[in-house]
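**Q** Following is a predicted model, sequence given first.
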Amino acid sequence: MKKAVMFLSLAIVLSSCVSNAEGKLIKADIKALEKKHELLKVSVQDNKNAIDRSIKRVDTKLAELDDTLKEAKKLLRANNANFGQDLVAMEQNVQKISGKSEEIIFKFEQLEKQMEELKTNFEDVKANVTTIAVKKDETQTNIAQNSDNGDSKSTTTTKVETDYKKLTTAKEIFNIGYQKVLDKSYSDAREILTYLIKKFPKDNYATSSQYWISQTYFAENDYKNSFLSMNTFIQKYPKSNHVPQILYQMGFSAKSLKLTADSIEIFKQLIKNFPSSSYSKKAKTVLQEMK
């Protein structure tokens, strides 16, 4: 499978349109995530404190056992040939306790890793919300235009859904297709967005349309079409700021399709070209799991 993938600097910001109500819901979700983030931080700190206390108790116990072991050795040298077996058992107990201490430390390290993953996911959500917030003014303008025309929300929606091919701008068509994405009517969304790309191939909304087409396939776990549509996106729009995400999803799709070699190659390209991206961190994790 030939791949002609070009990777350049981040450029085009995703164009999308959300309503005021959706913006509030997103802000509410962010606040909920922030609250969960703070709760997890407190929980991790509590666990760390508990682990520190456990390690101190273990160290104290080890010191006591070491003193006991030394005393036992003195008694053995003095007079007790059979004490050798008890001494071995005691040494084994010391080793077991040492192993428990290492296990506690390992669990703490795992908690730290989970915390880092949560922080990465939280940053991704914040980035997406920032992108969507930029489109807020466009939404308000559309609502104002609909009000001036005397159309109710339900009437406008029905008309646009029925007559999207009669619309004359890429923006109007994209709004219909994007709403279908939000409604999870993925098949309808692809039909509308594909029409937009054919009618306005050089418009910025064509870039966003190709992006959302790939996302609908990915959302449906249709990894074959997801991989193909994302490959098309990379070839057409190598400067898009969505490239790191698209590469990660391409690698994931290839992995799901058992195209292991392709998956590894894509993940490595992502890490090489976008080392600071959160998706590169995810790719590293997946590569480690694939070893």
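**A** Looks like it came in fine. Numbering: from 1, shown residues only.
**Q** Enumerate the positions of the helix or strand encompassing E265 that are buried.
**A** Taking DSSP states H and E as the criterion, E265 maps to helix 260-273. Buried residues in helix 260-273, counting neighbours by 16 or more other CB atoms under 10 Å, are found at D262, S263, I264, I266, F267, Q269, L270, I271, N273. Quick note: C-beta positions are derived from backbone N, CA and C, even for glycine.
**Q** Which one of those is nearest to K31?
**A** Within the buried residues of helix 260-273, the smallest distance to K31 is 31.0 Å, found for L270 (CB to CB).
**Q** and that closest one, what does it touch?
**A** The neighbours of L270, taking CB atoms under 8 Å, 6 or more residues apart in numbering as the test, are P244, L247, Y248, G251, S277, Y279, S280, A283.
**Q** Out of those residues, name the ones that lie in helices.
**A** Using DSSP state H, the members of these that fall in helices are P244, L247, Y248, G251, Y279, S280, A283.
**Q** Buried ones from those, can you make that a PyMOL selection?
**A** Applied in PyMOL, the following selects the buried portion of these according to 16+ other CB under 10 Å:
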select buried, resi 244+247+248+251+279+280+283
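**Q** Take the ones in helices among the contacts of L270 and lay them out in TSV including pLDDT.
**A** Supplementary listing: those in TSV, determined by pLDDT from 0 to 100:
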residue	pLDDT
P244	96
L247	96
Y248	97
G251	94
Y279	95
S280	94
A283	93
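**Q** Which SSE is immediately downstream of the helix or strand harbouring S208?
**A** Counting by DSSP H and E, the element that carries S208 is helix 204-219. Read in the C-terminal direction, the helix or strand following helix 204-219 is helix 223-236, with elements assigned using DSSP H and E.
**Q** what angle separates that next one from helix 204-219?
**A** Regarding helix 223-236 and helix 204-219, their directions subtend 150 degrees when assessed with axes from the mean of the first three to the mean of the last three CA atoms, to 10 degrees.
**Q** so helix 223-236 versus helix 260-273, what angle?
**A** Taking the same axes, to 10 degrees, one finds that helix 223-236 is oriented at 40 degrees with respect to helix 260-273.
**Q** What residues sit buried inside helix 223-236?
**A** Taking 16+ other CB under 10 Å as the basis for neighbour counts, the residues of helix 223-236 that come out buried are Y223, N225, S226, F227, S229, M230, N231, F233, I234.
**Q** can you list the domain ranges for the protein.
**A** Here the domain assignment for the chain is 20-133, 151-290, based on automatic domain parsing.
**Q** which strands and helices sit next to whichever strand or helix holds L33?
**A** In the assignment (DSSP H and E), L33 maps to helix 20-79. Here helix 20-79 is seen to pack against helix 83-133, helix 136-148 when contacts are counted using 3 or more CB pairs under 8 Å, 6 or more residues apart in numbering; DSSP states H and E.
**Q** Any idea which of those helices has the lowest pLDDT on average?
**A** When the helices and strands packed on helix 20-79 are compared on mean pLDDT, helix 136-148 scores lowest, with a mean of 42.
**Q** quick one: contacts for Y223?
**A** Applying CB under 8 Å, 6+ apart, the residues contacting Y223 are Y217, F252, S253, A254, S256, L257.
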